[in-house]
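Colleague: output the structure for:
(chains A and B)
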Protein chains: 2
Amino acid sequence: MTKRTNYCGQVSKENLGQEVTLKGWVKKRRDLGNLIFIDLRDREGFVQIVFNPETNKEAWEVADSCRTEYVIEVTGTVSAREGNAINPNMATGEIEVLASNIIILNSAKTTPFLIDEGESVNDELRLKYRYLDLRRPEMLSNLRLRHEITKSVRGYLDGEEFIDVETPYLNKSTPEGARDYLVPSRIQEGHFYALPQSPQITKQLLMGAGFDRYYQIVRCFRDEDLRGDRQPEFTQIDIETSFLSPEEIQDHTEQLIAKVMKDVKGIDVALPFPRISYDESMARFGNDKPDMRFGMELIDLSEVVKPIEFKVFQMALEAGGQVKAIVAKGAAESYSRKDMDKLGEFVGQYGAKGLAWLKVDEEGLKGPIAKFMTEHEAAVLEATNAEAGDLIMFAADQADVVAASLGALRNKLGKELGLIDESQFNFLWVVDWPLLEFDEEAGRFTSAHHPFTMPKAGDLELLETAPEKVYAEAYDIVLNGYELGGGSSRIHQRDIQEKMFKVLGFTAESAEEQFGFLLEALDFGFPPHGGIALGLDRFAMLLAGKDNIREVIAFPKNSKAIDPMNQAPGKVSAEQLADLHLIVNENQEG
Amino acid sequence: MTKRTNYCGQVSKENLGQEVTLKGWVKKRRDLGNLIFIDLRDREGFVQIVFNPETNKEAWEVADSCRTEYVIEVTGTVSAREGNAINPNMATGEIEVLASNIIILNSAKTTPFLIDEGESVNDELRLKYRYLDLRRPEMLSNLRLRHEITKSVRGYLDGEEFIDVETPYLNKSTPEGARDYLVPSRIQEGHFYALPQSPQITKQLLMGAGFDRYYQIVRCFRDEDLRGDRQPEFTQIDIETSFLSPEEIQDHTEQLIAKVMKDVKGIDVALPFPRISYDESMARFGNDKPDMRFGMELIDLSEVVKPIEFKVFQMALEAGGQVKAIVAKGAAESYSRKDMDKLGEFVGQYGAKGLAWLKVDEEGLKGPIAKFMTEHEAAVLEATNAEAGDLIMFAADQADVVAASLGALRNKLGKELGLIDESQFNFLWVVDWPLLEFDEEAGRFTSAHHPFTMPKAGDLELLETAPEKVYAEAYDIVLNGYELGGGSSRIHQRDIQEKMFKVLGFTAESAEEQFGFLLEALDFGFPPHGGIALGLDRFAMLLAGKDNIREVIAFPKNSKAIDPMNQAPGKVSAEQLADLHLIVNENQEG
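Modeller: I've put the predicted structure just below:
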């Protein structure tokens, strides 16, 4: 093999007259008269190679045998293209390489899809032949962008003296949180490791060890049913610090994000990011991760509609609920009755019993419930700021249902109506989260974030008397309507951590059994600490302008957690199972 | 909380007269007259704080209540120490902080061991309270050194346009290599993921995808019985390239290592590293990872001893074996007969039936087998270059036993006799490995490296006729007698890969079932490629001057693969097992 001199995509006018050796894939071959043209592709782009039988008959014959995706090595001279031959749509379009030699390094069968058409191929086939899908310049570029992000993140954190520490993947299963992936132990019969859902406790222990500033770009695992932006394994930019206030941690996070945006996208983001409280976010956007690139905020009409004799509103208000609305400016004409029925079905998914709506025209309010409004038109118009051409949509229910339905509807309409500036990166802090959520099914409180989150100092005394009223020192960072990450101050005092476990339904014994080592650690001089974790997959997805994290993961799983390429998970041998002291229960129901 | 102004260990004469706020752990408290002295420790070191009841009675009282490992915040003024008070053994020994304020951030019970005495604590206790063990400056420094290494590695590889790609941890179990850790699937009953022993196939597929240069600092998993320098999970600096020759990959590796040595240790290493073949290494050092910091090479005496009528030698030679010796210069006096018996037992572990030896004095050869030598003294002395005072030790057996016993003996004596310059970092390439090893137990060939290693071009035709004679395009990098990493060219042609599977005992069907996706990938334009993987844990261990990788891993497992801190692996709930369609086989034998 001759040594490569240049990447195909980097041959330029600066190389005119030079002899170059290139290695890559046959992207396309064309025959024109007795000349053969090959577009040769590598990771940096492609360049046109010309084979002339009069220059080197033997090379021409080899070129003649080349098919798409053959891997070849070509030596030749860089030559300028003239006149019509110049291709302004191609990075290397001003030059071509006149081949003097060619070696076929490997042949290729016809690929299941053309690399250039990979985008239109169905997802399962793309995953089965992922190595072909990844040959698409767009996929390579997504993965390189991901690397640019981690490089930038490390640059910031290394510069700020954070210590990158690797924490164990073979960890302990804990009952809180999502379902763990388990790893059976061979040596300890009937015992299991768990793959970490996050290195939460471990990184806290590093603070107990005095590491002061920790980070890790770390894989996390959750055995949950998969949705569009979920994978069994995902990557977290994981940060923990001692002695810093939430504001200082947020400030580091902002600096880090600003560096990434500058390094990777060349964008200067304005700091600090805006902050709104969780309660305000829910009230104004029906959502704890609001997309702030457009308005259409939720308007509370509970007072305004109180006198209106529309049963749906009255019942909601009497049951302690609320009536809220969003206004789609100028959208009245765009949504037919049928469309409105569909939107009604849509909000139904979020618990709403229906979608009341009104259209505004020059004469006033129109639509099925307009008749109830006649005396109150002015009040409704004033409260909603609605004008002729606008569409007003109502939700009347308990606060959580109102928020969920109008929040989702707002996001849907924001997209449909083109209200979103897709070029914008809109960062936002949502702060002051509730500490706990009540799980109706389990009949007990669960952590809104995780059981190690510090309650707000002022709310500590409510922890035992009125847990539902306790707020947390917790904050989420939101980008364009996605939760990019979450952080908090952690509990560093044993008595508070014990109270927390109690509120979560642990007995003293079960807390000791599961978390005894952490409680004991808190006894031995544990510093105040806190940190944040950012989702790398989502961050990369958003910066790549994609809507599925699979586009920024080299070898993702499909929606059944299968890798269609190697068919993992697979069967294993009887010996492997015996080693692990396991039997598969084939007759199990459900 | 007031904001910290300085790390304790970084307060210096430059801060004289300044008011500083420090946060850290009480390392030591002394009372002298009515003054209280606290050595306050954080990750950067420690500094002396002085509390004077006349300056601030209240602060003095708080300080008086402080015990070792309390976490405190102190504000005070940096003051110069005078005369005797200057402590030249302490980085901050020229100054102290006169405290004006103190806040106790957390108290501490008496720790199970004193942080300063952690080194002498038994390993199990150190692991159980790892967060305390990690408070020792030496442990922190080991972990920071590890981070310095990865920073330097990334710096090199990023600069050379390698792309950092994350590969899946939930992978497929393959029958080759060590035992896999398995992860049961919940969705696919009776199916299992495997945690990767290395991302070998995956990174090859990235070459198939045209990524050209890949790297990853990645966790790998092997469910093997543990030895001193093994852990269930370990970290690999994983590199793969397309179109590069073994020499070019070795060159990158050398540049990378030279950068690490410079960045982390300030040492200029000479490039290129020496290269010896596997066969030469076995012949001269009895070892495939020779420690070249000292001599004591193996000397082949098979010819010299042929005429000697010593049965042990004769039998070995007649059975097609060999007789070799090592000479410990000037060691004759240091080893008694009893010592020599012990060395005999030692080589017994490596298959030797005993250890014949001779001592040299002014008169000639002495020792139990000297009587056989009388006529051949001159020949033996000449061949071994032995002089008065030297100790000659023999092994007579099949070549592998001779190599194993003398190789181990050489390493042992090199240490015992202080022949090793511990400050030296001796890098070496061992090249031209055999492709296969014959597994007597299984009655078949196994891969010396892995089944994807490319045979030497000239040996390809022997693959089917005389596999034992085939050499591989494989190379190991050795540091101070440890295998630091191994690399190779990989097979990129389907027909060769199929032949390789056949040699390894696969049927066409079983190869297809296990590796069909790889074989298929080789059909679609796979480039020539190769790469290397370096063991980060070992590299960090050696640069930290330690002899166990646990010293450079934050939370390692013990020799039973248990984490004594959180007791992972642990029991899991019946529900978790049912979700995974598993039953633990409690009645299984052995």
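
Colleague: leaving aside the residues next to it on the chain, what's closest to A:W433?
Modeller: A:A474 (4.2 Å; CB to CB, 6 or more residues apart in numbering or on different chains). For glycine as for every other residue, the C-beta is placed from the backbone atoms N, C-alpha and C.

Colleague: also A:R538?
Modeller: Closest to A:R538 by CB to CB, 6+ apart is A:Y482, at 5.5 Å.

Colleague: what distance do you get for that neighbour to chain B?
Modeller: 20 Å (CB to the nearest CB, to the nearest Å).

Colleague: so the helix ranked longest in chain A versus helix B:137-159, what angle?
Modeller: Under DSSP state H, the helix in chain A containing the largest number of residues is helix A:137-159. Relative orientation of helix A:137-159 versus helix B:137-159 (axes from the mean of the first three to the mean of the last three CA atoms, to 10 degrees): 150 degrees.

Colleague: what is helix A:137-159 packed up against?
Modeller: When contacts are defined as 3 or more CB pairs under 8 Å, 6 or more residues apart in numbering or on different chains; DSSP states H and E, helix A:137-159 sits against strand A:163-164, strand A:213-221, strand A:233-242, helix A:246-265, helix A:536-543, helix B:137-159, strand B:163-164.

Colleague: for the first one, which strands pair with it and how are they oriented?
Modeller: When sheet partners are counted by DSSP bridges, strand A:163-164 sits next to strand A:213-221 (parallel).

Colleague: the longest strand belonging to chain A close to chain B?
Modeller: Longest strand in chain A, counting residues (DSSP state E): strand A:19-32. Yes: if you take CB under 8 Å from any CB of the partner chain as the test, strand A:19-32 does meet chain B, through A:23-26.

Colleague: flag the shaky bits of chain A, pLDDT-wise.
Modeller: In the predicted model of chain A, residues A:228-229, A:587-590 satisfy pLDDT under 70.

Colleague: and with 50 instead?
Modeller: Counting by pLDDT under 50, chain A shows low-confidence ranges at A:590.

Colleague: what about the most centrally placed residue in it, distance to A:D476?
Modeller: Closest to where the C-alpha atoms of chain A average out (CA atoms, centre = their mean) is A:R538, at 2.2 Å. Separation of A:R538 from A:D476 (CB to CB, to the nearest Å): 12 Å.

Colleague: over to A:F51?
Modeller: Taking CB to CB, one finds A:F51 at 59 Å from A:D476.

Colleague: so how far is chain B from A:E441?
Modeller: For A:E441, the distance to chain B - CB to the nearest CB - is 14 Å.

Colleague: please read the previous query as pertaining to A:S79.
Modeller: Taken as CB to the nearest CB, the span from A:S79 to chain B is 24 Å.

Colleague: give me the distance from the strand or helix carrying that residue to the chain's centre.
Modeller: Per DSSP states H and E, A:S79 falls inside strand A:71-80. Relative to the centre of its chain, strand A:71-80 is centred 42 Å away, using CA atoms, centre = their mean, to the nearest Å.

Colleague: C-alpha coordinates for the next helix or strand after that strand, PDB please?
Modeller: Remark: after strand A:71-80, the chain's next helix or strand is strand A:95-106, criterion DSSP H and E. What follows is strand A:95-106, C-alpha atoms only, in PDB (Å, rounded to 0.1, in the frame of the first residue of the first chain):
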ATOM      1  CA  ILE A  95     -10.300  20.200  -9.800                       C
ATOM      2  CA  GLU A  96     -10.100  16.500 -10.800                       C
ATOM      3  CA  VAL A  97      -7.500  13.900 -10.500                       C
ATOM      4  CA  LEU A  98      -6.000  12.300 -13.600                       C
ATOM      5  CA  ALA A  99      -5.300   8.800 -12.500                       C
ATOM      6  CA  SER A 100      -2.000   7.100 -13.200                       C
ATOM      7  CA  ASN A 101      -2.600   4.100 -11.000                       C
ATOM      8  CA  ILE A 102      -5.400   2.200  -9.200                       C
ATOM      9  CA  ILE A 103      -5.500  -0.700  -6.800                       C
ATOM     10  CA  ILE A 104      -8.700  -2.400  -5.800                       C
ATOM     11  CA  LEU A 105      -8.400  -2.800  -2.000                       C
ATOM     12  CA  ASN A 106     -11.800  -4.500  -1.600                       C
END
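
Colleague: which helices and strands does strand A:95-106 pack with?
Modeller: Counting by 3+ CB pairs under 8 Å, 6+ apart, strand A:95-106 packs on strand A:19-32, strand A:45-51, helix A:57-65, strand A:71-80.
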